[in-house]
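In: Got a predicted structure here, sequence first:
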Amino acid sequence: MASSDSPPQTVDRVILPDEAGQRLDVFLARVFSSHSRTHLRRVINAAQILVDGQQVKAAFQLRTGQRISGCLPELPRDGPIAEEIPLSILYEDDCLVAIDKPSGMVVHPAKGHWQGTLASALAFHFEQLSTLGGPTRPGIVHRLDRETSGVIVVAKTDAAHRELARQFEQRTIHKEYFAILQGVPDRDRDVIDQPLGMHPYHREKMAIRAGHSTSRAATTFYEVSQRFDGFAAVNIFPKTGRTHQIRVHMRHAGHPVLCDRLYGGRSRITNVELGITGQEEQIVLERLALHAHLLRFEHPQDKKTIEVVAQLPDDLQTVLHLLR
């Protein structure tokens, strides 16, 4: 894929009370996540970012009401390098392809994840992909978290990309997820309608947050399919598609997704911790127990209804078998 440059980004922000106390370079790295802190320190040291019109150091502690202004220079962006990575194709035609993404695969290149991405695999397997996502995201219309497995749809043409993006934006695409939760919800089904925004302290996390500049409306419906001793299997139907939406909402409900390091406090679980006795203790799951099971949408060209299903992966089936 050809390389490209992202345009310069203008910075003009007033520090809010809950943003005060952060280092300047840390704050900028959270707001402009495509730039590394090393790169941002160079920009600050070159006086391209000012605080109340004055040059400061990268470690400068921000205070409420201070204005950050300046311009971030162009950041070189290279497209993904094609890699011969196997793909599980669930559906394909001239307009689009639906992939069963495995847990552990990053969707597109980003800091710390330049190889082994879905974008690199797509670049190897397909001669034509849409360009609307930019050089680092050929064909990518939406995304799944790294540890979430399941259905992801990819556009081959710009026209298909526009139409699929419209359906996602207008929330007409039906999405179904499967998850195993820590704890057992009291209700058989419920709707969680809570806005999500950037976490005030942890850069990689989102949080229930109203009235913040990063806050966006988010709605998740879930229903319990099976209850176990200390765990539950649920089907989840997100209406919106915010970053970490299901994970934050289920944590908010008091039942985080199993093996959710960020929101549940653990990244693995053993057979003994699942309540299995009389066996030697061994790890049975060490990834997020969340799977994008189904996508249903209108085909961007002939308008027929397309339904794509990704079967439950073996590791999640093993956990269910042990719980039963």
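Out: Received the coordinates, thanks. This one's a predicted model, so the numbers in the text were calculated from it and none came from an experiment.
In: and the residue lying closest to residue 307 once chain neighbours are set aside, what does it touch?
Out: Distances taken as CB to CB, 6 or more residues apart in numbering place residue 296 nearest to residue 307, at 4.5 Å, with adjacent residues excluded. Every C-beta, even on glycine, is put in place using the N, C-alpha and C of the backbone. Contact analysis of residue 296 by CB atoms under 8 Å, 6 or more residues apart in numbering lists 173, 174, 305, 306, 307, 308.
In: CA atoms of the helix or strand residue 296 falls within as CSV?
Out: Assessed by DSSP states H and E, residue 296 sits inside strand 290-298. The C-alpha atoms that make up strand 290-298 are tabulated as CSV, following Å, rounded to 0.1, in the frame of the first residue of the first chain:
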residue,chain,number,x,y,z
LEU,A,290,-17.0,-11.5,24.2
HIS,A,291,-17.9,-12.6,20.7
ALA,A,292,-19.6,-10.7,17.8
HIS,A,293,-22.0,-13.5,16.9
LEU,A,294,-24.2,-11.9,14.1
LEU,A,295,-24.5,-9.0,11.8
ARG,A,296,-27.6,-8.3,9.7
PHE,A,297,-27.7,-5.5,7.2
GLU,A,298,-29.0,-4.3,3.8
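In: now the stretch 101-250 of the chain, which segments are flagged as low pLDDT?
Out: Regions of the stretch 101-250 of the chain meeting the criterion pLDDT under 70 cover residues 110-114.
In: Which stretches in it count as helices?
Out: 118-125, 158-169, 245-252 (DSSP state H, counting those that start in this stretch).
In: closest one to residue 29 among those?
Out: Minimum separation from residue 29 across the helices of the stretch 101-250 of the chain (CB to CB) falls at helix 245-252, 21.1 Å.
In: What is the closest one packed up against?
Out: Applying 3 or more CB pairs under 8 Å, 6 or more residues apart in numbering; DSSP states H and E, we find helix 245-252 packed against strand 174-182, strand 189-193, strand 206-208, strand 219-227, strand 231-238, helix 261-264.
In: hmm, 7 Å instead?
Out: Secondary-structure packing of helix 245-252 (3 or more CB pairs under 7 Å, 6 or more residues apart in numbering; DSSP states H and E): strand 174-182, strand 206-208, strand 219-227, strand 231-238, helix 261-264.
In: sorry, back to before: using JSON lines, lay out the helices of the stretch 101-250 of the chain together with mean neighbour count and distance to residue 73.
Out: As requested, these are arranged in JSON lines below (neighbours: other CB atoms under 10 Å; distance: least, CB to CB, whole Å):
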{"stretch": "helix 118-125", "mean neighbour count": "21", "distance to residue 73": "25"}
{"stretch": "helix 158-169", "mean neighbour count": "17", "distance to residue 73": "28"}
{"stretch": "helix 245-252", "mean neighbour count": "24", "distance to residue 73": "33"}
